[in-house]
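Q: structure of the sequence below:
(one chain, ligands or ions: 3)
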Amino acid sequence: MSELESVIRKLEALDHRITPSRVAVIAAVLAQSGHFSVEEIMRQARAVGRATVFRTMRLLTDLDVVCRVLLEDGSLHYRVSRRGHHHHLVCVSCGNVQDLDECAVADLVRELAAATEYEIEGHWLEFYGRCASCRSPLAQAAKA
Ligand SMILES: [Zn+2]
Ligand SMILES: [Zn+2]
Ligand SMILES: [Zn+2]
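A: Ligands and ions are numbered 1, 2, ... in the order given. Below you'll find the predicted structure:
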């Protein structure tokens with residue numbers, strides 16, 4: 001089964017309607033490498049209305065087909081990912097994004113919930129820096 005089929009089956013299993021527009025958005029998403037913006041998906045699925053693109057992205061986020069990455073400049077991007085909740089390492093120099101395996105703040109969330117009596121529903125944490133290849137002497141020299 002292709003990745004596209006498996007995402008469509010997942011949506012069907014949850015009683016979501018499968019329309020040609022939705023399939024076009026999902027296909028455009030799965031064709032991306034690296035991170036991408038909603039605008040890029042809208043450019044590739046031109047026939048699909050803006051609201052449908054946003055709704056479908058929301059659905060894919062909820063199903064953990066994609067994750068959201070907040071870039072250092074404040075723009076929100078997406079990435080194909082099947083990991084569930086996680087955080088990212090973002091290189092501010094080349095834009096490379098790496099998924100982190102574990103939630104770094106699970107203990108803190110529990111402590112905070114206990115201390116404040118909040119029911120914590122979510123949190124957002126990204127790490128920004130420069131990756132190993134951007135930190136190599138060669139990359140430094142190319143920049144100078
Ligand atoms: Zn880098
Ligand atoms: Zn991710
Ligand atoms: Zn977390």
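
Q: what's the helix or strand for the residue lying closest to Ser81 once chain neighbours are set aside?
A: Of all residues not flanking Ser81 in the chain, Cys67 sits nearest, at 4.2 Å (C-beta to C-beta, 6 or more residues apart in numbering). To be clear about C-beta, it is placed using only N, CA and C from the backbone, and glycine gets the same treatment. Using DSSP states H and E, Cys67 maps to strand 66-70.

Q: for the chain, what are the low-confidence residue spans?
A: Filtered on pLDDT under 70, the chain yields the residue ranges 143-144.

Q: ok and the residue in it nearest ligand 2?
A: Cys67 (3.3 Å; C-beta to the ion).

Q: any residue of stretch 64-84 touching ligand 1?
A: No. Counting by C-beta under 5 Å from the ion, ligand 1 is not contacted by stretch 64-84; separation bottoms out at 12.0 Å.

Q: and that stretch, how far out from the chain's middle?
A: 2 Å (C-alpha atoms, centre = their mean, to the nearest Å).

Q: and the end-to-end length of that stretch?
A: 5 Å (C-alpha to C-alpha, to the nearest Å).

Q: stretch 83-94 now?
A: Where stretch 83-94 starts and where it finishes are 23 Å apart, if you go by C-alpha to C-alpha.

Q: may I see the buried residues of that stretch?
A: 87-88, 90-91 (16 or more other C-beta atoms under 10 Å).

Q: figure out how far it is from the centre of its chain.
A: With C-alpha atoms, centre = their mean, you get 9 Å for stretch 83-94.
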